[in-house]
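In: sequence plus the predicted model coming up.
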Amino acid sequence: MSSNTNKIDPQELLFTLDQLEQTTEIMGRVVSRLKRQLTLVQEARQTAATPAAEPKPPRTKPRRILH
C-alpha cells in the first residue's frame, strides 16, 4: 500500500481479493480431495473388518426316505 495508510488503493485491494478468492478455491479442492480419500480409507477398513461370508453349499433336493 502507499505510505498514506488512510488511503486505500482500489487496484491493490482488487488484486488482494482475487488472490484470496483463488486461495479459497484451491483450499476447497484440497478439502474435497482429502474427504474422498478419507471415505475410501474408511470403506477399505470396513471391508477388511467384515468377515468373509462362508460360501453356501449348493442346494440339492431333499432325499426321500422310504419306510
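Out: Noted; the coordinates are in hand.

In: residue 40 - how many residues pack around it?
Out: By other C-beta atoms under 10 Å, 10 other residues sit near residue 40. Placement of C-beta: from N, CA and C, glycine included.

In: so it, which state does it fall into?
Out: Here residue 40 is helix, with the state taken from DSSP: H, G, I helix; E, B strand; the rest coil.

In: same question for residue 8.
Out: Going by three-state DSSP: residue 8 is coil.

In: and it, what pLDDT?
Out: With respect to pLDDT, residue 8 scores 88.

In: residue 15 sits in which helix or strand?
Out: helix 10-49 (DSSP states H and E).

In: buried ones in stretch 32-41?
Out: Using 16 or more other C-beta atoms under 10 Å as the test for burial, stretch 32-41 gives no buried residues.

In: quick one: low-confidence ranges for the chain?
Out: Scanning the chain for pLDDT under 70 picks out the ranges 1-5, 52-55, 57-58, 61-62, 64, 66-67.

In: just to revisit the earlier point, what residues of the helix holding residue 15 count as buried?
Out: Buried, per 16+ other C-beta under 10 Å, within helix 10-49: nothing.

In: adjust the sequence numbering to begin at 696 for everything that follows.
Out: Noted, 696 is the first residue going forward, which turns the last one into helix 705-744.
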